[in-house]
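Enquirer: with the sequence up front, the predicted model follows.
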There are 2 protein chains.
Amino acid sequence: MLNLDHISSNPLLPEVKEVMIDAVQNDYHNPSSQHKAGEQAAEKIESAREAVARLINAKDPKEVVFTSCGTESVNHAIKGVAMANRDKGNHIITSNIEHNSVVRSLKRLKSQGFKLTSLPVDTNGQVDPGAVEEAITDKTILVSVMHSNNEIGTLQPIKEIGEITRKKKVVFHCDAVDSVGILPVDVQLLNADLLSLASNTYYGPTGVAGLYIRKGVKVFPLLEGGAQENNKRGGTENLIGIIGMGKAAELAFRDMDKRLEHLQNLKKHFLAELPKYIDEYLINTTPDRSLPNLISLSVKYIEGESVMLMLDEDDIGISTKSACASGSLRASHVLVSLGLSHADAQGTLVVSFGLDNTLQDIDRFLNSLKHTVETLRNMSPLYKKKA
Amino acid sequence: MLNLDHISSNPLLPEVKEVMIDAVQNDYHNPSSQHKAGEQAAEKIESAREAVARLINAKDPKEVVFTSCGTESVNHAIKGVAMANRDKGNHIITSNIEHNSVVRSLKRLKSQGFKLTSLPVDTNGQVDPGAVEEAITDKTILVSVMHSNNEIGTLQPIKEIGEITRKKKVVFHCDAVDSVGILPVDVQLLNADLLSLASNTYYGPTGVAGLYIRKGVKVFPLLEGGAQENNKRGGTENLIGIIGMGKAAELAFRDMDKRLEHLQNLKKHFLAELPKYIDEYLINTTPDRSLPNLISLSVKYIEGESVMLMLDEDDIGISTKSACASGSLRASHVLVSLGLSHADAQGTLVVSFGLDNTLQDIDRFLNSLKHTVETLRNMSPLYKKKA
């Protein structure tokens, strides 16, 4: 199976597998227990926390909270800030192309009396920082804008937005689930007050993720119970997962430049070669200011779902939209926000690379894509009509 | 290290380790991806779901939602039911000896306008089902009572409470985190509408747990995002953990009787032998109607913390209270609710057995306990005064 669907799942690195298998075999005790066995487990968590803090340049590892998934981090951040700051105001600003975890958390808050401003994006998928500034009122308690988009790869002007929110004293959450570990993300440089990240993005396990909460930011916990995670998230910890996430963070920090170069080469090759294989398509991903590991393209006159299924027969995995949205039949709200027609949105493929891919993998994919597109277009009434 | 702190952490069974290591090595794709690799991962989740459904006798595996910990399950159940039924009423009934995840979820709801009735328990730690019935008003939207208490082991009359809530048409959540997999728990027999459980209780991994939601019960998700878990819990799944939890559920179901007998023998032996080693103590755990794997005892004139630390030097792990409450210095609300004096509460030890313990382990512990208690009492001004 050729994985060109890394945005849905990155493989575990051998070193990560090794520490996870070791953790399963050692089978540590509950980190909250106060005897030696508990302390040993607690130390494992703290060293993983330090590795994650280093990756995002948090001032203090205590600002990192381990969660169970990017979705938990986002729900915690958004609902937690809203509930804790309700006395200050009820207005929240976001963008039109956020991940469903942001969209649905905000929808829930709206039903509870919060007011939303959802900002449009330009044809590259970018939010205008000036529009954020204009939208801020004295009732605004939160701005939530994603670092990179998981369907089209656009990078947002987070630093510029962070300067505005800092100046206006509004809490800023950045959903960086698809960026952290792929690109340099520095919470201090970005002026982010909260930042969501996920371990699997940088080749760690699923089922474990993180939320950066800048010291002093008022946010209610989402999971309330014990005193774990410095009182910010109750529940017995996923120690095996956290150990894997810590190792993956350490490697992502160490190898960042090398990895970036590898992914950028794959992307460059893909974009240079694509026109030799198919015609009549749109590239939804701006070449610059986008994730190095993702390309969204809309192939005219055919359906993305059919392409995906036919490529699956060739043992090539891609996706047509976010795995998180795969239960839904509607056109992606992200593509619609870019101004794509419904027909073009239906023809969209998301190809996402990883460290395990080679230039030859891209060629193999493009070859299969060429045949698939030809076959499907030959069956397409729209294509025949045009011809 | 002799583990007599199983209530904080049960070791992974060899078969569970095996499937988890296999899952790490196989490194499955995202279950939401629609290509073959995704489908393969999704099948793993569904077969784990079936094993958990069988363990609690759920009618339909779809009624089982995988979560990240017992605390998440409880927060999801309590906050989710409250928020989804706010139009029907704002009154919730619970008991005085619930786990902190219940206590703190309800405290949060109280600050949002919900009214609580928290019922007292008798000296055995039991809630009177008649008191539940009397407390129900036409505004009552939820009753939440735990199956077993994690500090004293008391089993609540859940079946009787379930009959009342069913008759009165009030939603009933049962926190069975420390019971499922240890004792037979049948959601249909108990008339539970929601039931929280955790994998580690039955020798599966931490970082993964479950929430049973009876079909038709109205509850908002806690983690909102993608369509995972039949739209009841967004977020990429902890597949390695879920695979481990499924295997552990299968084994717990298969070996229930054998395990129960083993644990009951350990408990019987402990209670029979204890008076031969120390005097002047209280047993807070009723011998019948309590968990088979836990004994809470309060040793007079000394501090439980000191006993724990001295036993730790002998490589014996016990606890003095719930690991979830270990950040706190206050006397346990559970012990206070039983009517224990502050001094007796301070002298409390929680000894919890597991499948890996033998009768010899109990003897070794009792020997160490005897010496520890003698040493500490010789230093105790209270004990000297009395002598």
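Expert: That came through fine. As the structure is a computational prediction, the values presented were derived from the model and not from experiment. Numbering: from 1, shown residues only, chains lettered A, B, ... in the order given.

Enquirer: just checking, A:Lys159 touches A:Asn191?
Expert: Yes. Contact criterion C-beta atoms under 8 Å: A:Lys159 and A:Asn191 qualify, at 7.1 Å. Using the backbone N, CA and C atoms, a C-beta is placed for each residue, glycine as well.

Enquirer: of the two, who's got more company?
Expert: For A:Lys159 versus A:Asn191, neighbours defined as other C-beta atoms under 10 Å in any protein chain shown are more numerous around A:Asn191 (20 against 13).

Enquirer: is A:Asp175 in contact with A:Ile97, as I believe?
Expert: No. Look at A:Asp175 against A:Ile97 with C-beta under 8 Å: they stay out of range, at 10.9 Å.

Enquirer: which neighbours do the two have in common?
Expert: Listed contacts common to A:Asp175 and A:Ile97 are A:Met146; contacts here mean C-beta atoms under 8 Å, 6 or more residues apart in numbering or on different chains.

Enquirer: so where is the stretch 151-300 of chain A shaky, pLDDT-wise?
Expert: Nowhere does the stretch 151-300 of chain A drop to pLDDT under 70.

Enquirer: get me the contact residues on it for chain B.
Expert: Within the stretch 151-300 of chain A, the positions near chain B by C-beta under 8 Å from any C-beta of the partner chain are A:198, A:200, A:205-208, A:220, A:222-228, A:231, A:234-241.

Enquirer: list buried residues within those residues.
Expert: For these, a neighbour count by 16 or more other C-beta atoms under 10 Å in any protein chain shown gives the buried set as A:198, A:200, A:205-208, A:220, A:222-228, A:234-241.

Enquirer: and A:Ser101, that's in a strand?
Expert: No. Using DSSP: H, G, I helix; E, B strand; the rest coil, the assignment for A:Ser101 is helix, not a strand.

Enquirer: which residues does it contact?
Expert: Residues near A:Ser101 by C-beta under 8 Å, 6+ apart: A:Gly70, A:Thr71, A:Val74, A:Asn75, A:Asp175, A:Cys324, B:Leu223, B:Glu224, B:Gly225, B:Gly226, B:Gly234, B:Gly235.

Enquirer: can you show me the helices along the stretch 51-200 of chain A?
Expert: Here the stretch 51-200 of chain A has its helices, by DSSP state H, counting those that start in this stretch, at A:70-84, A:100-111, A:129-135, A:158-168, A:187-190.

Enquirer: now the stretch 201-350 of chain A
Expert: Counting by DSSP H, counting those that start in this stretch, the stretch 201-350 of chain A has these helices, from start to end: A:228-231, A:239-277, A:304-313, A:333-338, A:342-346.

Enquirer: which among the ones you listed is found nearest to B:Lys79?
Expert: Nearest to B:Lys79, of all the helices of the stretch 201-350 of chain A, is helix A:228-231, at 18.1 Å by C-beta to C-beta.

Enquirer: what does the closest one contact?
Expert: Outside helix A:228-231, the residues that touch it by C-beta under 8 Å, 6+ apart are A:Pro31, A:Ser32, A:Lys62, A:Val65, A:Phe66, A:Pro221, A:Gly234, A:Gly235, A:Thr236, A:Glu237, B:Cys324, B:Gly327.
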